[in-house]
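[1] what follows is a predicted structure for the sequence shown.
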Amino acid sequence: RKRLLDFCYKHILKDIYLKVGIKFIGQYKNVYSTRLHAAILSCLLGKKTYLFDNSYGKCSGVFNLWMKNYSNIKMMQ
């Protein structure tokens with residue numbers, strides 16, 4: 001059963017989720033998010049992105065390691 005679910009995700013759902021995310025985020029000029037994957041997608045789409053950290057510091061950790069040099073994303077305090 002797990003193998004069937006993995007197959008469905010890898011070959012069907014992944015593309016659907018990405019298209020839904022692009023359609024949703026694509027309608028905004030600025031994106032404010034506490035969700036790391038939404039912020040990454042927003043940044044890749046060229047949106048002005050404001051990222052707020054979560055309770056355990058994952059967003060700030062990824063931002064400081066990988067995203068701090070991108071001009072269209074800002075880590076909020």
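    All right, it came through fine. Numbers count the residues shown, from 1 in each chain.

[2] make it CA atoms for all contacts and neighbour counts henceforth
    Will do.

[3] mind listing the strands for the chain?
    Secondary structure of the chain, counting by DSSP state E: strands at 30-33, 48-52, 73-76.

[4] out of those, deepest packed?
    strand 48-52 (a mean of 21; mean count of other C-alpha atoms under 10 Å).

[5] which other residues reach it?
    29-36, 39, 42-43, 59-60, 72-77 (C-alpha atoms under 8 Å, 6 or more residues apart in numbering).

[6] ok, residue 12 - contacts?
    By C-alpha under 8 Å, 6+ apart, residue 12 has no neighbours at all.

[7] give me the distance between it and residue 30.
    29 Å (C-alpha to C-alpha, to the nearest Å).

[8] and what of residue 10?
    For residue 10 relative to residue 30 (C-alpha to C-alpha), the value is 30 Å.

[9] thinking again about what came up before, turn the strands of the chain into a markdown table, including mean pLDDT and distance to residue 2.
    What follows is the strands of the chain, written out as a markdown table (pLDDT from 0 to 100; distance: least, C-alpha to C-alpha, whole Å):
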| stretch | mean pLDDT | distance to residue 2 |
| --- | --- | --- |
| strand 30-33 | 98 | 32 |
| strand 48-52 | 98 | 34 |
| strand 73-76 | 97 | 37 |
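
[10] can you give me the helices in this protein?
    Under the criterion DSSP state H, the chain contains helices at 2-8, 14-26, 36-44, 58-62.

[11] of those helices, which stretch is the most buried?
    It is helix 36-44: most buried of the helices of the chain by mean count of other C-alpha under 10 Å, with a mean of 19.

[12] and it, how far out from the chain middle?
    3 Å (C-alpha atoms, centre = their mean, to the nearest Å).

[13] thinking again about what came up before, quick one, which of the strands of the chain gets closest to residue 3.
    Residue 3 lies closest, by C-alpha to C-alpha, to one member of the strands of the chain: strand 30-33, at 32.7 Å.

[14] low-confidence stretches in the protein?
    Within the chain, no stretch has pLDDT under 70.

[15] check the gap between residue 73 and residue 42 for me.
    9 Å.

[16] which other residues reach stretch 18-26?
    Contact partners of stretch 18-26, identified using C-alpha under 8 Å, 6+ apart, comprise 31, 38, 41, 42, 45.
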